[in-house]
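Engineer: Need the 3D shape of this:
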Amino acid sequence: MHIHIREALDFDREAVLSVEQLAFERDDEAELVQELLDDPSARPLVSLLAMVDDRAVGHILFTRAYLTHAENAVAVVILAPLAVVPDAQKQGVGGKLVERGLQLLAEAGVDLIFVLGHPAYYPRYGFTPAISLGLEPPYPLPDAHVDAWMVRALRPGVIGIVSGKVRCADALNRPEYWRE
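Structural biologist: Residues are numbered from 1 along each chain as shown. A predicted model of the protein is given here:
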C-alpha cells in the first residue's frame, strides 16, 4: 500500500469528515473537526490527509493553542484528532500523518505540540507525559488518564523553561472533550 500525505484543502472537507466518521464509528469527532475547521481561534492550523490511490484513509488536525502564565513566548499547537479508517489501521497510516505533521510544524517554528491520546502510541513519536513537567491540560483529567496528556518539544530546551495551562481553540475548549 502506497500512502501519500498531503494538505487537506477546502474541497476535501467531505473526505475529511468521512474519514473521521468511519474511524470513530460515530459523528462526534467529525462534528468537532468541522467546528475546528470553521473556528478562527484554531488558526493557523495544519490539516493533513493520507491518501491511498484516490481514497482518503486518514486525517490529522493540529490547531493553535497557547500557554497561560508562560514567561517566555512559545508557539503551541494541539493534535486532535488523528483518524484512520478501519481497513487501513495498523498499516502505518497514523504514523506517517504524525511524522509529516511534526515536520511541517517544526518548519513553521512551532515549539510544543500537545495531545490527549493513547499513552502507548504517542511516545513512539517523542511525546511524554506533560503534567509532571508543569504543562497542564485545559481541564482537569481523571487520575486514570493523567499520562494521556502528553507533549512533544520541537525546539530543544523549551521543556523545563515554560509551564502553565494550555488554552485551546474555542471549539475544543469544552470540558466534555477532556473527560476521556
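
Engineer: Does A75 touch I113 like I think?
Structural biologist: No - with contact defined as Cβ atoms under 8 Å, A75 does not count as touching I113 (9.8 Å). C-betas here are computed from N, CA, C, even on glycine.

Engineer: So what does A106 look like in phi/psi?
Structural biologist: The phi and psi values for A106, taken as degrees, to the nearest 10, are phi -60, psi -40.

Engineer: who touches it in this structure?
Structural biologist: A106 sits next to L154 when contact means Cβ atoms under 8 Å, 6 or more residues apart in numbering.

Engineer: separation between it and V16?
Structural biologist: 23 Å (Cβ to Cβ, to the nearest Å).

Engineer: R6 now?
Structural biologist: Taking Cβ to Cβ as the measure, R6 falls 12 Å from V16.

Engineer: In terms of neighbours, single out the busier of those two.
Structural biologist: For R6 and V16, the more surrounded residue by other Cβ atoms under 10 Å is V16, and the numbers stand at 22 against 12.

Engineer: So which bits of stretch 82-100 are buried?
Structural biologist: Taking 16 or more other Cβ atoms under 10 Å as the neighbour-count basis, stretch 82-100 is seen to contain the buried residues 82-85, 88, 91, 93-98, 100.

Engineer: farthest-separated two in the residues you listed?
Structural biologist: The largest separation in these, counting by Cβ to Cβ, is between V85 and R100 at 17.6 Å.

Engineer: just so I have it, where are all the helices in the protein?
Structural biologist: Listed from the start of the chain, the chain has helices (DSSP state H) covering 13-24, 28-38, 93-107.

Engineer: Make JSON lines from those helices and add distance to F62 to it.
Structural biologist: Output for the helices of the chain, formatted as JSON lines (distance: least, Cβ to Cβ, whole Å):
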{"stretch": "helix 13-24", "distance to F62": "13"}
{"stretch": "helix 28-38", "distance to F62": "10"}
{"stretch": "helix 93-107", "distance to F62": "6"}
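
Engineer: As TSV, those helices with mean pLDDT and distance to R152 would be great.
Structural biologist: Compiled in TSV, these are given as follows (pLDDT from 0 to 100; distance: least, Cβ to Cβ, whole Å):
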stretch	mean pLDDT	distance to R152
helix 13-24	96	22
helix 28-38	94	20
helix 93-107	97	7
